[in-house]
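Q: Give me a model of this one.
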Amino acid sequence: MTIPPSNMKYEHDEYDYSMNQQQTPYSNPHAGGNAGPSAAAASSSSCGSIGYEERERRTYELVVCQQPLHARMCGFGEKDRRPIDPPPIVQLIVKQEGQETWVDLQSLQTPFFVLHVTLWSADRTQERNIISNPPKCTRVLMGSLVSSPSLLKNPQGEQGLYFAFPDLSIRTEGQYTLRFSLIKLISSDFQPDAKSKIIAQVFSDPFTVYSAKKFPGMTESTELSKVFAKQGLKIPIRNDVRAKKAE
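A: Purely as a prediction, here's the structure:
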């Protein structure tokens, strides 16, 4: 199966931030398993998809710097939420057209940028946000689906703009990927009906959601998560992780 390329331009895409777009429900396809894309294709998904904004002559690149590894399904209850491990973190890189250096992060109007996440099949061809089994349509991806940027220093001391998704959980087991869409919000008294635009997108690597019996257990928090938490980012930290006992 051909996997869509990661690097695409979204100069003309428009997005209604009300999120009231129609989504096609699906019947759970994961009962028989899904192998997902090849390792080579999976590794390429961590590279940013580059968007271009003509008015400011800037390019926007998203890089998934902390990939989701696995999760335990949370089922159809509302209390037993099991977050994706480790929490996905995406970096935004902004460059001026024709230049290799990054735009001064302090000059960006960061409150107008948000990152929205959706759930897709492992081969990136079908949305998996809504499930029609049980009969009523139910959200599959739970948690905060929108993240605002934080100005943080990575473990190497380099400053950057990062979006974190610490509380995402998935109702059903199977193989999935996450698609992240960078949206620049438009607020203007002169254009009250203007729509915000998607200016870049990127897919995560494929990951597995396990049933409770098969889930291998949570991993220790990554160095990136720990460094960001020390700077005030609200992200769960686990220092002492014990292997799950074999049954």
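
Q: Quick one: neighbours of N129, just the number.
A: 18 (other C-beta atoms under 10 Å). Heads up, the C-betas are built off the backbone N, CA and C, glycines and all.

Q: all helices of the chain, in order?
A: Under the criterion DSSP state H, the chain contains helices at 39-44, 223-230.

Q: which stretch in the ones you listed has the least confidence?
A: When mean pLDDT is averaged over each of the helices of the chain, helix 39-44 scores lowest at a mean of 33.

Q: Contacts only, for P68.
A: P68 is in contact with I84, D85, P86, P87, P88, L178, S204, D205, F207, counting by C-beta atoms under 8 Å, 6 or more residues apart in numbering.

Q: And the third one, how far from S204?
A: Pointing back at P86 there. Using C-beta to C-beta, to the nearest Å, P86 is found at 11 Å from S204.

Q: hey, which helix or strand in the protein has the poorest pLDDT?
A: helix 39-44 (a mean of 33; mean pLDDT, DSSP states H and E).

Q: Point out where the chain drops to low pLDDT.
A: 1-56, 133-135, 187-194, 240-247 (pLDDT under 70).

Q: report the longest strand in it, please.
A: strand 174-184 (DSSP state E).

Q: Can you tell me the strand partners of it and which way each runs?
A: Its sheet considered, strand 174-184 pairs with strand 113-121 (antiparallel), strand 197-203 (antiparallel), strand 207-210 (antiparallel) by DSSP bridges.

Q: distance of I84 from V117?
A: 10 Å.

Q: Show me the common contact partners of those two, please.
A: Contacts common to I84 and V117, judged by C-beta under 8 Å, 6+ apart, are F165, L168.

Q: thinking again about what came up before, tabulate the CA atom coordinates of the longest strand of the chain in CSV.
A: These are the backbone C-alpha positions of strand 174-184, laid out as CSV (Å, rounded to 0.1, in the frame of the first residue of the first chain):
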residue,chain,number,x,y,z
GLY,A,174,-5.0,-1.8,17.4
GLN,A,175,-2.3,-0.1,15.4
TYR,A,176,-2.6,3.7,14.9
THR,A,177,-0.7,6.9,14.1
LEU,A,178,-1.4,10.5,15.1
ARG,A,179,-1.7,13.4,12.7
PHE,A,180,-0.8,16.8,14.0
SER,A,181,-2.1,19.9,12.2
LEU,A,182,-0.6,23.4,12.9
ILE,A,183,-3.3,26.0,12.8
LYS,A,184,-2.8,29.8,12.8
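
Q: Which positions within it qualify as buried?
A: Of the residues in strand 174-184, G174, Q175, Y176, T177, L178, R179, F180, S181, L182, I183, K184 count as buried by neighbour count, 16 or more other C-beta atoms under 10 Å.

Q: so the fifth one makes contact with H116?
A: No. At 10.6 Å, L178 and H116 do not qualify as touching, with contact defined as C-beta atoms under 8 Å.

Q: check contacts around the nearest residue to P87 once chain neighbours are set aside.
A: Using C-beta to C-beta, 6 or more residues apart in numbering and skipping the chain neighbours, the partner closest in space to P87 is P166 (4.2 Å). For P166, the contact set (C-beta under 8 Å, 6+ apart) comprises P83, P87, K234, I235, P236.

Q: and the gap between P166 and Q66?
A: P166 is 11 Å from Q66, by C-beta to C-beta.

Q: residues shared between the contacts of those two?
A: Counting by C-beta under 8 Å, 6+ apart, the residues touching both P166 and Q66 are P87.

Q: hmm, back to that, make a ChimeraX selection of whichever of the contacts of P68 turn out to be buried.
A: For the buried members of the contacts of P68, the matching ChimeraX selection, counting by 16+ other C-beta under 10 Å, is:
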select :84,85,86,87,88,178,204,205,207
